[in-house]
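>>> Build the 3D model from these lines:
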Amino acid sequence: MPGQDLFESFLQGFVIGFSIAAPVGPIGLLCIQRTLLSGRVSGLVSGLGAATADATYGALAGFGVTYVSTFLISQQFLIRLAGGTFLVILGARIIISVPKESAGVASRQRLTSNYLSTFALTLSNPLTIVAFAAVFAGLGIAGKGGDYSAAAALVLGVFAGSTSWWVILSNGVAAFRGALDPLRMRWINRISGVVIACFGAIAFLSSLL
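Alright, predicted model coming up:
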């Protein structure tokens, strides 16, 4: 039945999106830091940027847009170089930032910046599309054989699965926010900034090897 097939495609995409988003890397750490500093909405919006990028790469793999994925992979040196540099700068800014005791809900401009930064950072790893293509091929769903409705359901599932992880993470971290004073927040900024900068340095150096 067509409806059942679409639902199965959505579930497959959901599991894939959740599984790819769940490992905590620089994006996860950034969302945690922003949740603690500005609240769960800031962390969730940051996660939505990453989920959108995951869905974008999922769409390229799911719809079988090979010429775009091939181009991105061929340009991974420049993309990873830019992404690594951005992470180093971002980590440095977090390290030197001074959390204010009155820090609360982020402004609309800050939320937009949160979304776009994690979207760009997630896209800066073109090997993500390789992961999606490998998983899709392993499950026999790469390209969906020209079935665009099934591919769309799959991509929607990827976005929903990835978003679900960020909802869980931001809400879980927000539960501890009230116990943090400015001094603890300053140390959290320092530690998270150093780790994020290290991720950026690794990405930067790996692009040169």
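>>> So for stretch 163-183, mean pLDDT?
Computed over stretch 163-183, the mean pLDDT rounds to 86.
>>> can you tell me the distance between the two ends of it?
Between the opening and closing residues of stretch 163-183 lies a distance of 31 Å (CA to CA, to the nearest Å).
>>> SS state for Gly43?
helix (DSSP: H, G, I helix; E, B strand; the rest coil).
>>> What separation do you get for it and Trp166?
To Trp166, Gly43 is 7 Å away according to CB to CB, to the nearest Å. Any C-beta I mention is one placed from the backbone N, CA and C, and that applies to glycine too.
>>> what's the answer for Val45, then?
Summarising the geometry, the distance separating Val45 from Trp166, computed by CB to CB, is 9 Å.
>>> Contacts only, for the most centrally placed residue in the chain.
What sits nearest the mean C-alpha location of the chain, by CA atoms, centre = their mean, is Ala50, with 2.7 Å. Contacts for Ala50 were tallied using CB atoms under 8 Å, 6 or more residues apart in numbering; they are 21, 27, 31, 118-119, 121-122, 162, 166.
>>> nearest to Gly178, of the residues you listed?
Of all the contacts of Ala50, the one sitting nearest Gly178 is Cys31; the distance, using CB to CB, is 18.2 Å.
>>> Point out where this structure drops to low pLDDT.
Under the criterion of pLDDT under 70, the regions of the chain flagged as low confidence span 1-4, 64-70, 72-73, 98-106, 126-127, 129-130, 133-147, 207, 209.
>>> now the helices for it?
Under the criterion DSSP state H, the chain carries helices at the ranges 2-21, 26-38, 40-62, 66-74, 76-96, 108-123, 127-138, 148-174, 182-208.
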